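Please work out how this folds:
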Amino acid sequence: MYDDEVVLCAASAYEQKFYLNPDFEQLPSQVKDELKIMCVLYTEDVGGILQMFFDADGHLCFRPEADEGDYLYDEIGSVLKIKQYQQTKQELLEALEMYYRVFCLGEE
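Okay, here's the model as predicted:
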């Protein structure tokens, strides 16, 4: 179904918006809420933009970005926050990878 990377969700401190890919609208509301909380808290704490996406192999990845002139963006805080999420939300992130591999990539 997908060949390249697929964005799961994203949040922007610049536009103060959250985006969930409509292809994942069927996720349970608790999971969608957790994704929104993670992304929005990241942008509130660190600034910039955070994208969560699946790579071609089905791994869930984080992509932080910031405008070039954004001197308030915390690069070190970004790395630390992503590591924190990878540790504290490990079960959720692994479940999302499994979901993507089974329902989107058609793996067994």
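
Quick check: the residue nearest to residue 20 when sequence neighbours are not counted vs residue 71, distance?
Spatial nearest neighbour of residue 20, excluding adjacent residues (C-beta to C-beta, 6 or more residues apart in numbering): residue 9 at 4.8 Å. Every residue, glycine included, has its C-beta placed from N, CA and C. Distance of residue 9 to residue 71, given as C-beta to C-beta, to the nearest Å: 26 Å.

out of those two, which sits in the more crowded spot?
A direct count of neighbours by other C-beta atoms under 10 Å for residue 9 and residue 71 places residue 9 higher, at 19 against 8.

Quick check: bridge partners of that one?
With DSSP bridges applied, residue 9 shows beta-bridge pairing to residue 20, residue 52.

who touches it in this structure?
18-21, 24, 35-36, 39, 51-52 (C-beta atoms under 8 Å, 6 or more residues apart in numbering).
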